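Chemist: Got a predicted model here, sequence first, then my questions.
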Amino acid sequence: MDDILTSIIGIGIAAVLMFIFPLITMSDRTDDISQLTVEIATTEFVDDIRQSGKITADRYGQFIQNIGSTGNTYNVQMEVKILDENPSRTVAEKQSKTSENVYYSVYNSQIEEILKQDKDYYLKEGDIVTISVKNTNQTIAQQLKNFFYKVVGKDTYTIASSHGGMVAATGR
């Protein structure tokens, strides 16, 4: 009886080592490739915005298509901090003080509304653009880890990228 139980346990362990472990490893590698693809696409998109000074509907659509080619769905958050140039002003003591530059933020909905009208969103030198991307679906690796390890929660993401920088050229 002990020999049969030992054989069954041995077969179970062998099945896990031969089939399940390689499946988890391969799905992790797929997530790594997706992560790299999203990082490269995000970096190239932000750098294009920084160099050209504008966000175009075509380039944004190409960016969404590039990250979507990984087979996952993503939440893309864009933030553009517009430089509000505040000229120096004279205070009551007749001293001239230069005030700091102030930024105000523009987000996804405002930018996408302009892009949907087939217009470009123009930026000026000194503006700051930041784009964050996170996957919204569960990848196969996440599902397997949830099943076997109970490590990854349902609300977490494994593929994410964020890139930003100051715009170097005025778009108009």
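Modeler: That came through, no problem. Predicted model, so just to flag it, every value in this text is computed and none were measured. Residues are numbered from 1 along each chain as shown.
Chemist: Let me know the pLDDT of the residue nearest the centre of the chain.
Modeler: In the chain, the centroid-proximal residue (CA atoms, centre = their mean) is Val133; its distance is 1.7 Å. With respect to pLDDT, Val133 scores 95.
Chemist: I'd guessed Ser52 sits against Arg172; true?
Modeler: No - if you go by CB atoms under 8 Å, Ser52 and Arg172 don't touch, sitting 10.8 Å apart. In this view, the C-beta of every residue, glycine as well, is placed from N, C-alpha and C.
Chemist: quick one, which of the two is more surrounded?
Modeler: More neighbours surround Ser52 than the other of Ser52 and Arg172, with 18 against 9 (other CB atoms under 10 Å).
Chemist: gap between that one and Ile64?
Modeler: 18 Å (CB to CB, to the nearest Å).
Chemist: State the number of residues packed around Asp47.
Modeler: When counting by other CB under 10 Å, one arrives at 14 neighbours for Asp47.
Chemist: swap that for Ser132, please
Modeler: Ser132 has 16 neighbouring residues, counting by other CB under 10 Å.
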